[in-house]
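Undergrad: My questions concern the predicted model and sequence given below.
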Amino acid sequence: MIKEYFFYVLYTADGYFYGGYSDNVYRRFLTHQAGKGAKFTRVKSRHPIRLIYFESFDNQHDALHAEAMFKKLSRVKKEAYLQSQGVDVNIWVK
């Protein structure tokens, strides 16, 4: 059985896109929701957060690479990337 790794994007209540990676995207999302995830998502003004996108990879390297590339993008390019993946960012962006 091949282990899956995920690149995921959260949308925060204060309007940020947060990219991360995990081997269990739903568990990691619940960790973020509980305020115990990354320092960035522990800020109360960022809650509630929503899981708006995730992508599966068959190895950790590719998932980490996707996360790193996403984090380097400007806000406009993050929106364009998400739209190219079928995410309607207009429902999230204020």
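TA: Yep, that arrived.

Undergrad: Which helix or strand in the protein has the lowest average pLDDT?
TA: Of all helical and strand segments in the chain, the minimum by mean pLDDT, DSSP states H and E falls on helix 39-42, at a mean of 88.

Undergrad: Could you pick out the longest helix of this structure?
TA: As assigned by DSSP state H, the longest helix anywhere in the chain is helix 60-72.

Undergrad: where's it relative to the chain centroid, distance-wise?
TA: Offset of helix 60-72 from its chain centre (C-alpha atoms, centre = their mean, to the nearest Å): 11 Å.

Undergrad: what's the average pLDDT for it?
TA: Mean per-residue pLDDT for helix 60-72: 97.

Undergrad: can I get the CA coordinates of the helix or strand following that helix in CSV?
TA: Past helix 60-72, further along toward the C-terminus, the next helix or strand under DSSP states H and E is helix 75-84. Presented in CSV, the C-alpha positions along helix 75-84 are these (Å, rounded to 0.1, in the frame of the first residue of the first chain):
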residue,chain,number,x,y,z
ARG,A,75,-1.5,36.7,-3.3
VAL,A,76,-2.7,37.2,-6.9
LYS,A,77,-0.8,34.1,-8.1
LYS,A,78,-2.1,32.0,-5.2
GLU,A,79,-5.7,33.0,-6.3
ALA,A,80,-4.8,32.1,-9.9
TYR,A,81,-3.3,28.8,-8.9
LEU,A,82,-6.4,27.9,-6.9
GLN,A,83,-8.7,28.9,-9.7
SER,A,84,-6.7,26.7,-12.1
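
Undergrad: Sort out which residues of stretch 41-57 are buried, please.
TA: By neighbour count on 16 or more other C-beta atoms under 10 Å, the buried set for stretch 41-57 is 41, 46, 49, 51-55, 57. Quick note: C-beta positions are derived from backbone N, CA and C, even for glycine.
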